[in-house]
Structure formats: structure tokens, C-alpha cells
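Here you go, sequence then predicted model.
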Amino acid sequence: MIKKTLTVLLIEDNPEYAELVQRWLSLREDATFVLSWTDSLMEGMNSLTLGGVDVILLDLGLPDSDGISTFTTIKTFAPGVPIIILSASDSESLALRLVQEGAQDYLLKSVCTSDSLAKAIQYALVRYVGPVSSDGAPRLADPTKVIGVVGAKGGVGTTTFACNLALELRRQTGEKTLLVDLDVQGGLVGFLMNLTSDCSIADAVVNYQRLDASVWKGITICNADELDIVRSPGLLGASEINADKLRHVMTLIRPFHRQIVVDLGRLNRVSSILLDRINEVFLVTTTSVAALYEAKRAIGALRKADFDGDRLRLIVNQHDKTQAYAGNDLDRVFGIPIFAKLPDCGRELNEAIVRGKMPAENSDYREHIAVVARKIAGLPEKNARGPVSQLFSFVDKLR
């Protein structure tokens, strides 16, 4: 049965037509329609992030998007919501193509009426079946895991951790994995991974209104380890990327990968805006006094932003076993348990940088990161391969 109160999002740039749709739906007695109206693709996506939309009424010609790409973007952005096209174009071929690609209906504005619109909305809800897997079973909602990596301060090994974590997640799980450099002022991922590309995450932001799989493929780089990478534009003090568009990009690219590791750099305005697009945040710190202070500040800022503490993971990097801090001491300092401690492998990492490569899979650092990656992925621990592996332990094992 269809519920009596239906929330409808109208994305239409003509205010007179929007007013007409509002009047049509407000006069219905068979159901209560709650209409929300936006006049651009960007504002429509902003409204969809709030959730609660039952049906989308979509005009293909908007100020910031036009044609089939408008439908493709909204479909990718809101895969669980049926879409009805409201068009001024009486094109049978266009209508057929859009319905084949997933639109629930195609209504011509010139002949649309209150009755036909209301019925189209109700029928769309009855007919609509969400995304299904290859075996025909309903697909679980958004299986992609997005991991954000934030540094307590500069120099704590944030980008090194992010790069190696992405490599190990790809290797340990065999699943399609993406590494995104969103430290837009820095761009260290490209340096460490020895990448050269004319494209960056800035290109995805510019093209957000037509960001389908083919456009995205042209922006990413697939390295020898079959890890997909998108570099930072390295703005060096120039104007920042539009944060709202970047949020939408992070939603649009989720269907293309099963795991996404995002190097956020330091906690700032842009990274804070992206928190609702991230499943888990890994805060990287060392045990230097300055890093401990900044890590504590970052944890406080995340709490103030209402970030769920259960999604926050603390990584203590460059840890020296001779240091006086025990697991319980650091727990008390930060107020949250430590997810993992990583040893100081400075010489090994520096040698890898000189060679222009990432640390080898059997290196001390990668062995430790592999343990972290398997824990993130929910995989069982592998037997230690040697004395080096045995040095690594999670805090819960230290207690």
C-alpha cells in the first residue's frame, strides 16, 4: 500500500511551472503531497542529502545541467528514489531512452494534468524496485566504505599511512579500491605514489553535473597495483575547491568503488564539511608533545561537530617501544581507545621515497599496515610472518 503522505522533490527552474505543480498536488484528496522545490541541480542534490524524499520530479534543462546527464547525475546521487521526468520535449526516442535507463515515467509538460501527475507519482512508487545485484537479489544500500585519514599536525605521517592503507586494502580484499588526495593545498599523494597526471579532484568538481563512470575513469589513474588514485590539484594557497560540490562528488563516486581512502590532510573547513560522507575517520598522531596536543584538539573539534565517536579511530604512528606511554596512559590522554600503534620505520620509508616507490609488501611498515587493513575489512588475522610482525599489536592486546 502507498502511504498517504508523500514527500515530492521538484527540480525545476521555471517558478511558474513549479507553482502550477504545487497547486495541482495541493488540491488532491486521494493523498497528501508535501512538495519541496529547487531550481538547480546543485540545490536539488543539497535537498536530497537531507533524506526523506519519496519521489523526484525532474526537469532535464536546468541552469547548471542539461539533457540526459541531469537524469544520470540525480539517479546516481539518489539510487533509492524513483524519478519522473517532466519535459517540454516531445521526443519519443528521448523518452524511451530515459525509461530504459531507469526513469519511472516521462511526462510532457504541455499535456500534463493534476490527475496524470498524481497517478504517475503513485504508480512510480508501486512499480519502483531499487537496485539489484547480478543474481537478481536486492542490493544492500551503499556497500561502499569510505575511510577518511586526518593528521593531528603536519609531519606525523598522515599521507604515508593513507597511501599504504589504500594499497593494503586493495591487496588484502581484492576489491576495487580508490585513493583520493583531498589535501588540496598539498598534493603529497602524487609525490609518494610517483604519479603524473593532468587531472585532479578539481576536474571532478568542475564536472560534477555529468560525473558518470566514463568521466570519472578519465580523472582517475590506475597504478601497477591496480589501485585507482585521484591526485590533489596542489593549489598552494589559491582559492579552495567548492566544498558543496566536493560533497556531491564524494556521493556520486561511491558506486564506482567498494573501498575509498581519502587523505584529508589536516582538519579544516573543507574536511569538516565532508564528514557526513565518510564512514570512519582515522586520526594519525605521534607521541610528541605537539602532536598529542593537536590530536586532543582535533578530537574535541570532531565531538563539537557531532561526529559519532564510534566512527573515530586513533592511529599512533612512529611509536617507539622505549617511550614511557603505555596503552592505558594514551587512552586517558585522548579519551578514546587507540585503534593501532605503528612502529618508527623512518629509514625504511625514506629509502622507498629515494627509489621513487612505495615500501615493498614484505617490508616492516607494510606488514604492520596489512594488519590494520585486515582489521578494517573484517578479515581474520594472518599468522605472523616473522619477528617484525610480532612487534605490532593492537592496544587491546597490550592490556
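That came through, no problem.

hey, let's count contacts and neighbours off CA atoms from now on
Noted.

need the helices for the stretch 101-250 of the chain, in chain order.
Listed from the start of the chain, the stretch 101-250 of the chain has helices (DSSP state H, counting those that start in this stretch) covering 114-127, 158-173, 188-192, 201-206, 213-219, 243-252.

Tally up the residues packed near residue 21, please.
Using other CA atoms under 10 Å, residue 21 is surrounded by 20 other residues.

Is it correct that it falls within a helix?
Yes - in this structure, residue 21 lies within a helix as judged by DSSP: H, G, I helix; E, B strand; the rest coil.

what about the stretch 201-350 of the chain, any weak spots by pLDDT?
Within the stretch 201-350 of the chain, the set of residues satisfying pLDDT under 70 comprises 237-239, 320-328.

so where do the strands sit in it?
Under the criterion DSSP state E, counting those that start in this stretch, the stretch 201-350 of the chain carries strands at the ranges 221-222, 228-230, 259-266, 280-285, 312-319, 338-343.

The ones you listed into TSV, with extra columns for distance to residue 244 and mean neighbour count?
TSV is the format used below for the strands of the stretch 201-350 of the chain (distance: least, CA to CA, whole Å; neighbours: other CA atoms under 10 Å):
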stretch	distance to residue 244	mean neighbour count
strand 221-222	24	18
strand 228-230	19	25
strand 259-266	15	25
strand 280-285	19	24
strand 312-319	23	20
strand 338-343	31	20
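
Now distance to residue 96 too, for the ones you listed, in TSV please.
Formatted as TSV, the strands of the stretch 201-350 of the chain follow (distance: least, CA to CA, whole Å):
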stretch	distance to residue 96
strand 221-222	35
strand 228-230	34
strand 259-266	34
strand 280-285	41
strand 312-319	46
strand 338-343	52
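
Tell me which of the ones you listed sits nearest to residue 31.
Nearest to residue 31 among the strands of the stretch 201-350 of the chain is strand 280-285; the distance by CA to CA comes to 40.2 Å.

What helices and strands are in contact with the closest one?
Taking 3 or more CA pairs under 8 Å, 6 or more residues apart in numbering; DSSP states H and E as contact, the helices and strands that strand 280-285 lies on are strand 145-151, helix 289-304, strand 312-319.

what's the most buried one of the ones you listed?
Ranked by average neighbour count under the criterion mean count of other CA atoms under 10 Å, those are headed by strand 145-151 at a mean of 25.

Contacts for that strand, please.
Around strand 145-151, the neighbours that count as contacts under CA atoms under 8 Å, 6 or more residues apart in numbering are 157-159, 162, 258-267, 277-285, 295.

partners of it, with directions?
Each strand paired with strand 145-151, and its direction, by DSSP bridges: strand 259-266 (parallel), strand 280-285 (parallel).

could the ones you listed go into CSV alongside distance to residue 48?
Below are the strands paired with strand 145-151 laid out as CSV (distance: least, CA to CA, whole Å):
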stretch, distance to residue 48
strand 259-266, 22
strand 280-285, 22
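
Among the ones you listed, which comes closest to residue 242?
For those, proximity to residue 242 was assessed by CA to CA; strand 259-266 is nearest, at 14.9 Å.

can you list contacts of the closest one?
With contact meaning CA under 8 Å, 6+ apart, strand 259-266 is reached by 144-154, 158-159, 162, 165-166, 169, 175-183, 254, 271.

Find the residue at the geometric middle of this protein.
residue 250 (3.9 Å; CA atoms, centre = their mean).

Any figure for the gap between that residue and residue 208?
Between residue 250 and residue 208 the distance is 10 Å, computed by CA to CA, to the nearest Å.

got it, and residue 307?
Using CA to CA, residue 307 is found at 26 Å from residue 208.

Of those two, which one has the most company?
Under the neighbour definition other CA under 10 Å, residue 307 and residue 208 were set side by side, and residue 208 has more, 24 against 18.

one step back: out of the helices and strands packed on strand 280-285, which is closest to residue 369?
When the helices and strands packed on strand 280-285 are ranked by distance to residue 369, counting by CA to CA, first place goes to strand 312-319 at 10.8 Å.

Contacts for the closest one next, please.
With CA under 8 Å, 6+ apart as the test, strand 312-319 has contacts from 156-157, 280-287, 336-346.

How confident was the prediction at the closest residue to residue 375 other than its chain neighbours?
Nearest residue to residue 375, sequence neighbours excluded (CA to CA, 6 or more residues apart in numbering): residue 381, at 7.4 Å. At residue 381 the predicted local confidence, pLDDT, stands at 83.

quick one: residue 381 and residue 371 touch, right?
Yes - judged on CA atoms under 8 Å, residue 381 makes contact with residue 371 at a distance of 6.9 Å.

Going by how many neighbours each has, rank these two and give me the top one.
Using other CA under 10 Å as the criterion, residue 381 and residue 371 rank with residue 371 on top: 24 against 11.

Now for the more buried one: which residues touch it?
Counting by CA under 8 Å, 6+ apart, residue 371 touches 381, 382.

Give me the three-state assignment for it.
Secondary structure, three-state DSSP: residue 371 is helix.

Could you report the distance from residue 20 to residue 13?
Remark: distance between residue 20 and residue 13 (CA to CA) = 13 Å.

More neighbours: which of these two?
Neighbours per residue (other CA under 10 Å) separate residue 20 from residue 13, with residue 13 holding more: 19 against 13.

wait, what's in contact with that one?
Under the criterion of CA under 8 Å, 6+ apart, the contact partners of residue 13 comprise 38, 39, 40, 59, 61, 62, 63.
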